[in-house]
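1. Here is a sequence with its predicted model. Questions after.
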Amino acid sequence: MRRVAVLLVVVMAVAGFVAFTASASGHADQKAAPYVTQIPAGYRDWTLVSVAHEEGNLNSLGAVLGNDVAIKAYREKTLPYPDGTIIAALHYKNTPSAENDKVFGRDQSFVAGPPTNIQFMVKDSVKYAATGGWGFGHFSPDGKPADAAFMSPCFPCHEKVKNTDLVFTHYAP
């Protein structure tokens, strides 16, 4: 009976060591690459923060959404944003609407066309300490994350707006 107990303790210790090593190495990888690699669940049901129109090469329309933590921070003008804040930007091709233009009698209407990408900012001041507390994510319309080379300019660009905790979009109530 005593041998079984000792064997059980040894097995549990080995299992604990393996679990600790795996989680520690996973955590280190996240710190080395401060990018969001999974689309947060339920983001399509979040609250609208604002809309955006980018001209030039992008020629896109965007809807910026926030989870409950983000919306509370936006409404209360809380800076820095608290951990747990997630901001999503859904981008679409800016497309003329012939159907709407017929109603208006002239070319003037544009609508969201095909999706171009989805972007996320996730606030976790410990996990993403190296990038101002924010993790950045960029996904193709089919949900595939961008690689590290594509993501590398995110933080340097957002760092230019330190006065708003690296967030470009203002709340449009």
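-> Perfect, thanks for sending it. Residues are numbered from 1 along each chain as shown.
2. So Asn94 sits against Gly56, correct?
-> No. Asn94 is beyond contact range of Gly56, at 10.9 Å (criterion: C-beta atoms under 8 Å). C-beta: built from backbone N, CA, C; applies to glycine.
3. and for those two, which residues touch both?
-> Counting by C-beta atoms under 8 Å, 6 or more residues apart in numbering, Asn94 and Gly56 have no contacts in common.
4. Please say which of these two ends up with more neighbours.
-> Taking other C-beta atoms under 10 Å, Asn94 and Gly56 do not tie; Asn94 has more neighbours (18 against 6).
5. Work out for me the element the more buried one sits within.
-> Secondary structure from DSSP states H and E places Asn94 in strand 86-96.
6. Domain map for this structure?
-> 1-32, 34-164 (automatic domain parsing).
7. Quick check: which of those is buried the most?
-> Scoring the domains of the chain by mean neighbour count under mean count of other C-beta atoms under 10 Å gives domain 34-164 as the most buried, with a mean of 15.
8. and that one, how far apart are its ends?
-> The first and last residues of domain 34-164 sit 20 Å apart, counting by C-alpha to C-alpha, to the nearest Å.
9. Look up the pLDDT of Asn57 for me, please.
-> Per-residue pLDDT puts Asn57 at 89.
10. How is it assigned, secondary-structure-wise?
-> coil (DSSP: H, G, I helix; E, B strand; the rest coil).
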